[in-house]
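S.K.: okay, sequence plus prediction incoming.
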Amino acid sequence: MDDALVIRNLSKSYPDFLLREVSFRLPRGYIMGLIGPNGAGKTTIIKLILNLVRRDDGQIAVLGRDNIADETWIKQRIGFVHETPAFYGHLTVRRTASLAGRFYDAWDDGRFRRLAGEFGLPLGKRVGRLSRGMKMKLALALALSHGAEFLLLDEPTSGLDPVFRRELLATLSGLLQDGRTSVLFSTHITSDLERPADFITFLLDGEVVFSSSREALRDSWILVKGGGDLLDECSRPLFRAVRETPFGFQGLSSRGAEVRRLLGEERATYEKPTLDEIVFLMSKES
Amino acid sequence: MLRIMRQDLIFNRNNLLLMLAIMSCVLIYFSARADGFSPRAYFVLAAFYVGASMGITLAAREDKHKTAALICSLPVRRSTVIAARFVLTWALMLLTLVYASVLTAVLPFSQVDLSSAVNVKFVLVGLLILSAVFSLMLPFTVRFGVMGVMLFLVAGQVLALLAMLAVHFFRMGNSSWSFPLRTVSQGLRFLLGPNSTFLHMLAVVAVILFLNGASFFASRALYARRDL
């Protein structure tokens, strides 16, 4: 299958943070959710893809090309939304779009105006007077107006009202109807990804905990709830993460059959975990 | 490159207009009081003012609005961004020299003798001084943003202050400590004087090109390595 993004053994070190040998791939035409708690390395990966920060090691291929050797070719085909969009405040929305549009061969001004209308963006208003949510909408409209084949969205729903959040997620799903647009969507709001994401990559402390399709993820993990007395030296190693409370425990395991055999069907309950539960329990364990 | 230059001009339009207004006031003041003020220094001052201000303005506004990530996420190479800013800054510096000349010629109360100021020697020496400052300042600006500019300016002022104190209190005016300054001063006087030849001016041009080339490559390398 043709890949929109392939990352191999990507590493980047900061004085207080280390991204360690990250590897994952996103097939063309799909949405991948990049999830993890704050400081897990989501933004660093997106910046590395865009060559906004220099990688220490590893390889990044976007749409089949190296992200540094073919930087401008790739950026012509990428739409990017930063978690805190930075614009020149004294320019109007219209002027900002016209300046950005000049850099793209496939810029479609009609599409930008249509999106601005849909998002309720006032074209004549100065960007500095827009709310954070409106700036995010502007960044999205810019990212969607040059026929991007690959969208990099860094926390795009933060600061948006619930109505627009739902609309945005629907827009993203609609974009993929053509089968050529791919999306890498970073967020710490896992509920945003329950419906649109085809693949999930979970980052924790600069490392990939898992990267798989949503179905595989739901099938491979099991959430076990039971009394505290069930946790002993034999059962505990079967869990990837455990949360104990005065009333019992919650455990996350990828070894469902073994857990069922050991604990039995009557003394514990077994559920398919939500994405939120997986992230929560693993983050707690970390 | 032209798109980046155009974008920088539009982004910084208000500040450039403000600088132009301030510079015009400074020029008018000095042209009216040129009796005690050398036209050579007047021209160097004008060009230096704009050159330094442009570098500071571009870096300061990019730092202030955190827009480096925005520009570098566009389909353009970082080396092109630096090249565009280099060319833009030089174009504005040269335009400033022209503007200063026109203003001086038009003002009815101007005391500056344009024929003595608009002279190949004075312009080249002015550009040499300007290049020395600008070529040092640009890498600082690119690497450290506003903080780099402040560091550069403060360090320059502290050094100058220390030199003045040393000369005043320790009578070091003729000591070996002041040798580099005296050499530079004498060299500039020689270049501006009647004994300098066409070959000397060629050497000045070569030094200007070298300083700017070194500054450009250093700035480009620093910008490419900068994490945004």
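M.R.: That came through fine. Residues are numbered from 1 along each chain as shown, chains lettered A, B, ... in the order given.
S.K.: what about A:G117, distance to B:F152?
M.R.: As defined by Cβ to Cβ, to the nearest Å, A:G117 lies at a distance of 47 Å from B:F152. Using the backbone N, CA and C atoms, a C-beta is placed for each residue, glycine as well.
S.K.: so which of these two has more stuff around it?
M.R.: Each of A:G117 and B:F152 has its neighbours counted (other Cβ atoms under 10 Å in any protein chain shown); B:F152 has more, 21 against 11.
S.K.: the helices in chain B, which residues?
M.R.: With helices called from DSSP state H, chain B shows them at B:2-11, B:13-32, B:39-65, B:68-73, B:78-106, B:114-117, B:120-169, B:179-192, B:198-225.
S.K.: TSV please, covering these and showing distance to A:D229.
M.R.: Converted to TSV, the helices of chain B look like this (distance: least, Cβ to Cβ, whole Å):
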stretch	distance to A:D229
helix B:2-11	66
helix B:13-32	71
helix B:39-65	59
helix B:68-73	53
helix B:78-106	61
helix B:114-117	95
helix B:120-169	60
helix B:179-192	83
helix B:198-225	58
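S.K.: nearest to A:G58, out of those?
M.R.: Within the helices of chain B, the stretch nearest A:G58 is helix B:198-225; the backing value is 17.3 Å (Cβ to Cβ).
S.K.: and that closest one, what does it pack onto?
M.R.: In this structure, helix B:198-225 packs against helix B:78-106, helix B:120-169, helix B:179-192, with contacts taken as 3 or more Cβ pairs under 8 Å, 6 or more residues apart in numbering or on different chains; DSSP states H and E.
S.K.: and the shortest one, which residues are buried?
M.R.: The neighbour-count check on helix B:179-192 (16 or more other Cβ atoms under 10 Å in any protein chain shown) flags B:L191, B:L192 as buried.
S.K.: residues of chain B that sit close to chain A?
M.R.: Within chain B, the positions lying close to chain A (Cβ under 8 Å from any Cβ of the partner chain) are B:3, B:6-7, B:10-11, B:14, B:61, B:65-67, B:69-70, B:72-77, B:225, B:227-228.
S.K.: select only the buried ones of these in PyMOL?
M.R.: Buried residues within these, by 16+ other Cβ under 10 Å, are selected in PyMOL with:
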select buried, chain B and resi 7+10+11+61+65+67+69+70+72+73+74+75+76+77+228
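S.K.: so where's the stretch 151-286 of chain A shaky on pLDDT?
M.R.: Using pLDDT under 70 as the threshold, the predicted model of the stretch 151-286 of chain A has low-confidence ranges A:159, A:175-178, A:285-286.
S.K.: whichever residue of it sits closest to chain B bridge partners, please.
M.R.: Residue nearest to chain B within the stretch 151-286 of chain A (Cβ to the nearest Cβ): A:L152, separated by 8.8 Å. Beta bridges link A:L152 to A:F80, A:L184, judged by DSSP bridges.
S.K.: so it touches A:L184, yeah?
M.R.: Yes - using Cβ atoms under 8 Å, A:L152 is in contact with A:L184, at 5.3 Å.
S.K.: quickly list what's touching both of these two.
M.R.: Here A:L152 and A:L184 share the contacting residues A:I46, A:I49, scored by Cβ atoms under 8 Å, 6 or more residues apart in numbering or on different chains.
S.K.: how does chain A divide into domains?
M.R.: Segmentation of chain A into domains, based on automatic domain parsing, reads A:3-211, A:221-285.
S.K.: of those domains, flag the one that's most buried.
M.R.: The highest average neighbour count among those, using mean count of other Cβ atoms under 10 Å in any protein chain shown, belongs to domain A:3-211 at a mean of 19.
S.K.: where does A:E21 fall, phi/psi-wise?
M.R.: According to degrees, to the nearest 10, the main-chain angles of A:E21 amount to phi 40, psi 60.
S.K.: which non-adjacent residue is nearest it?
M.R.: Of all residues not flanking A:E21 in the chain, A:N9 sits nearest, at 4.7 Å (Cβ to Cβ, 6 or more residues apart in numbering or on different chains).
S.K.: please apply the same query to A:W107.
M.R.: If you skip the residues right next to it in sequence, A:W107 has A:G101 as its closest partner in space, 3.9 Å away by Cβ to Cβ, 6+ apart.
S.K.: let me know the pLDDT of the one you found.
M.R.: At A:G101, the pLDDT value in this model is 90.
S.K.: surely A:R25 is in a strand?
M.R.: Yes - A:R25 sits within a strand when classified using DSSP: H, G, I helix; E, B strand; the rest coil.
S.K.: can you name the residues bridging to it?
M.R.: Under DSSP bridges, the residues paired with A:R25 across the bridge are A:V6.
S.K.: can you pull the contacts of it?
M.R.: Remark: with contacts taken as Cβ under 8 Å, 6+ apart, A:R25 is in contact with A:D3, A:L5, A:V6, A:I7.
S.K.: JSON lines for those residues, including distance to B:S110?
M.R.: Conversion of the contacts of A:R25 to JSON lines gives the following (distance: Cβ to Cβ, whole Å):
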{"residue": "A:D3", "distance to B:S110": "68"}
{"residue": "A:L5", "distance to B:S110": "64"}
{"residue": "A:V6", "distance to B:S110": "67"}
{"residue": "A:I7", "distance to B:S110": "65"}
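S.K.: chain B: which of the residues you listed is nearest?
M.R.: Relative to chain B, the closest of the contacts of A:R25 is A:L5; by Cβ to the nearest Cβ it sits at 16.0 Å.
S.K.: distance of the nearest residue to that closest one once chain neighbours are set aside from chain B?
M.R.: Beyond its immediate neighbours in the sequence, the residue positioned closest to A:L5 (Cβ to Cβ, 6+ apart) is A:L26, lying 4.3 Å away. When Cβ to the nearest Cβ, to the nearest Å is the yardstick, A:L26 and chain B sit 19 Å from each other.
S.K.: which ones are touching A:G41?
M.R.: A:G41 touches A:F17, A:L19, A:V22, A:L203, A:D205, A:G206, counting by Cβ under 8 Å, 6+ apart.
S.K.: can you name the two of those that sit furthest apart?
M.R.: The most widely separated members of these are A:F17 and A:V22, with 12.7 Å between them, by Cβ to Cβ.
S.K.: give me the common contacts of the two.
M.R.: If you check A:F17 and A:V22 against Cβ under 8 Å, 6+ apart, the residues they both contact are A:G41, A:G206.
S.K.: can you put the helices and strands packed on helix B:198-225 in TSV and add mean pLDDT?
M.R.: Listed next are these as TSV, based on pLDDT from 0 to 100:
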stretch	mean pLDDT
helix B:78-106	83
helix B:120-169	80
helix B:179-192	83
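S.K.: and of the ones you listed, who's closest to A:S158?
M.R.: With distances scored as Cβ to Cβ, the stretch of the helices and strands packed on helix B:198-225 nearest to A:S158 is helix B:120-169 (25.7 Å).
S.K.: and the closest one, what does it pack onto?
M.R.: Contacts of helix B:120-169 with other secondary structure elements, assessed using 3+ Cβ pairs under 8 Å, 6+ apart, are made with helix B:39-65, helix B:78-106, helix B:179-192, helix B:198-225.
S.K.: okay, the ones you listed, which one's buried deepest?
M.R.: Burial of these is given as mean neighbour count (mean count of other Cβ under 10 Å); helix B:39-65 ranks first at a mean of 21.
S.K.: can you show me the helices along chain A?
M.R.: Defined through DSSP H, the helices belonging to chain A, from first to last, are A:42-49, A:71-76, A:93-101, A:109-119, A:132-143, A:162-175, A:214-220, A:256-263, A:275-285.
S.K.: so A:E207 touches A:S23, yeah?
M.R.: No - the criterion here is Cβ under 8 Å, and A:E207 misses it with A:S23 at 10.4 Å.
S.K.: residues touching A:F249, list them.
M.R.: Residues counted as contacts of A:F249 (Cβ under 8 Å, 6+ apart) are A:V224, A:K225, A:G226, A:G227, A:G228, A:L230, A:L231, A:V242, A:R243.
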